[in-house]
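**Student:** Provided below are the primary sequence and the corresponding predicted coordinates.
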Amino acid sequence: MFIDQLEIDVYSGAGGHGAVSFRREKYAPFGGPDGGNGGNGGSVWVKVNPALNTLLPLRNLRRYRAPDGKRGGPSNQTGASGDDLVLFVPRGTLIRDRMTQTLLADLTGPEDAVEIAVGGRGGKGNAHFTTSTHQAPRFAQDGQPGEERLLALELKMMADVGLVGFPNAGKSTLVRAVSAARPKVADYPFTTLEPSLGVVQADSFDGFVMADIPGIIEGASDGAGLGLRFIKHIERTGILLFLIDPLDPTTPVADAYRILDGELVKFNPRLARKKRFVAFTKCDLVWGEVADAVRTLSTELTSNGIEVFEISAMKKINTARLVQRLFEGVKAERGTWHLPEIEEPVPTPKMSSDPLDELS
Ligand SMILES: Nc1nc2c(ncn2[C@@H]2O[C@H](COP(=O)(O)OP(=O)(O)OP(=O)(O)O)[C@@H](O)[C@H]2O)c(=O)[nH]1
Ligand SMILES: [Mg+2]
């Protein structure tokens, strides 16, 4: 199942308290202070796992808690620290504070990670506070409490190429033809109900990621069909590939591009700036008047600087050339696309300094 929105609460562990203790040995009845420090509480990290493309694994629990640090012991024993808790998310996960809606992190890179709740520091034991004028301190420091964060996670997938098309246009068939991904293909609209990614091998060393998203229909920006719930997943793709089925009985080919583009731009005007390619699909079936209509629209698009292809994903006609041109487009865009067009992430606040530290 595909999950792209999730609310979770995370808690870092509290620091263990410092110990108050004095050395008691057979021949040293008035031994000095030897209370050890408490261990640090575990932090909660959110980290990208590039193999994921859904937030589903985090849905099992609502609350995630890192363990507390243990208290310090006698003989200068430091308490054990709580282990950090790491939550894995897909690339393109945005993390917001649910209360303030502040953006805390935008994990776009394949190895991005953020310490979202910092573990409380362990308190110092009394041994730490011994000075020449204060040789037997009878106090120790408490561990700092852990942090609580109420989070809203949102996934906006990070693909290089986003497919845009009406239902049944042949989007999933293309993904199957050029990648190892196996989205379902069927001869009815809305076969694809959730986005998926396919990795396209463009040469022996490199490739790009293509996002198959559910079909868009006219009025989607007003909620028709599946609405625009999934369009956000192409907001962060490098380039767009419009797929137009010239034989689509619901939309004349002459209007297809204009309608699709209109819905995207109504959703987010910035999408108008994305580089786009257009592929007419199912060319193994197209001839006669329809082929003429394709040619007319092609000429118009080409004169607007949009590169046009006629493909058959089923018969693999022109798909290799399409992949090569998309790859070149992706490479040209890569320098810029991953810069998120959103607010700056706010760094996680640092822990306040502890007044007792001044004593040391
Ligand atoms: N003849 C022919 N049929 C094709 C071609 N590409 C796709 N089809 C057929 O068109 C139908 C729809 O294909 P899909 O790939 O499921 O279309 P889609 O755009 O993913 O559809 P939704 O997921 O419903 O939006 C299927 O019956 C495919 O077999 C092609 O190149 N030639
Ligand atoms: Mg599909």
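**Tutor:** Cool, got the structure. Ligands and ions are numbered 1, 2, ... in the order given.
**Student:** helices along the protein, start to end?
**Tutor:** 171-178, 232-235, 253-267, 288-303, 319-337 (DSSP state H).
**Student:** send the alpha carbons of the third one over as CSV?
**Tutor:** It stands for helix 253-267. What follows is helix 253-267 as a C-alpha-only set of coordinates in CSV (Å, rounded to 0.1, in the frame of the first residue of the first chain):
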residue,chain,number,x,y,z
VAL,A,253,-6.0,14.6,-29.7
ALA,A,254,-6.0,18.3,-30.5
ASP,A,255,-7.2,19.2,-27.0
ALA,A,256,-5.2,16.7,-25.0
TYR,A,257,-2.0,18.6,-24.3
ARG,A,258,-3.8,21.9,-23.5
ILE,A,259,-6.2,20.2,-21.0
LEU,A,260,-3.4,18.3,-19.2
ASP,A,261,-1.1,21.3,-19.0
GLY,A,262,-4.0,23.4,-17.8
GLU,A,263,-4.7,21.1,-14.9
LEU,A,264,-1.1,21.0,-13.8
VAL,A,265,-0.7,24.7,-13.9
LYS,A,266,-3.9,25.3,-12.0
PHE,A,267,-2.5,23.0,-9.3
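**Student:** tell me the angle it makes with helix 288-303.
**Tutor:** Counting by axes from the mean of the first three to the mean of the last three Cα atoms, to 10 degrees, helix 253-267 lies at 40 degrees to helix 288-303.
**Student:** buried ones in helix 253-267?
**Tutor:** Across helix 253-267, burial judged by 16 or more other Cβ atoms under 10 Å covers Val253, Ala256, Tyr257, Ile259, Leu260, Asp261, Glu263, Leu264, Phe267. C-beta here means a position set from N, CA and C on the backbone, and glycine is covered the same way.
**Student:** next one: the last one
**Tutor:** Under the neighbour-count criterion of 16+ other Cβ under 10 Å, helix 319-337 has Thr319, Leu322, Val323, Leu326, Phe327, Gly329, Val330, Glu333, Trp337 buried.
**Student:** how is this protein divided into domains?
**Tutor:** 1-155, 161-337 (automatic domain parsing).
**Student:** weakest of the ones you listed in terms of mean pLDDT?
**Tutor:** Ranked by mean pLDDT, those bottom out at domain 161-337, with a mean of 88.
**Student:** figure out how far that one is from the centre of its chain.
**Tutor:** 23 Å (Cα atoms, centre = their mean, to the nearest Å).
**Student:** so does it get close to ligand 1?
**Tutor:** Yes: residues of domain 161-337 contacting ligand 1 under Cβ under 6 Å from any ligand atom: 165, 167-173, 185-187, 189-192, 214-215, 281-282, 284-285, 312-314.
**Student:** strands along the stretch 151-300 of the chain, start to end?
**Tutor:** 161-165, 196-201, 207-212, 239-244, 275-280 (DSSP state E, counting those that start in this stretch).
**Student:** burial-wise, tell me which of these comes out on top.
**Tutor:** strand 161-165 (a mean of 26; mean count of other Cβ atoms under 10 Å).
**Student:** in CSV, list the C-alpha atoms belonging to it.
**Tutor:** Provided in CSV are the C-alpha atoms of strand 161-165 (Å, rounded to 0.1, in the frame of the first residue of the first chain):
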residue,chain,number,x,y,z
VAL,A,161,10.8,12.1,-15.0
GLY,A,162,7.1,12.4,-14.1
LEU,A,163,4.5,10.9,-16.4
VAL,A,164,1.5,13.0,-17.1
GLY,A,165,-1.5,11.6,-19.0
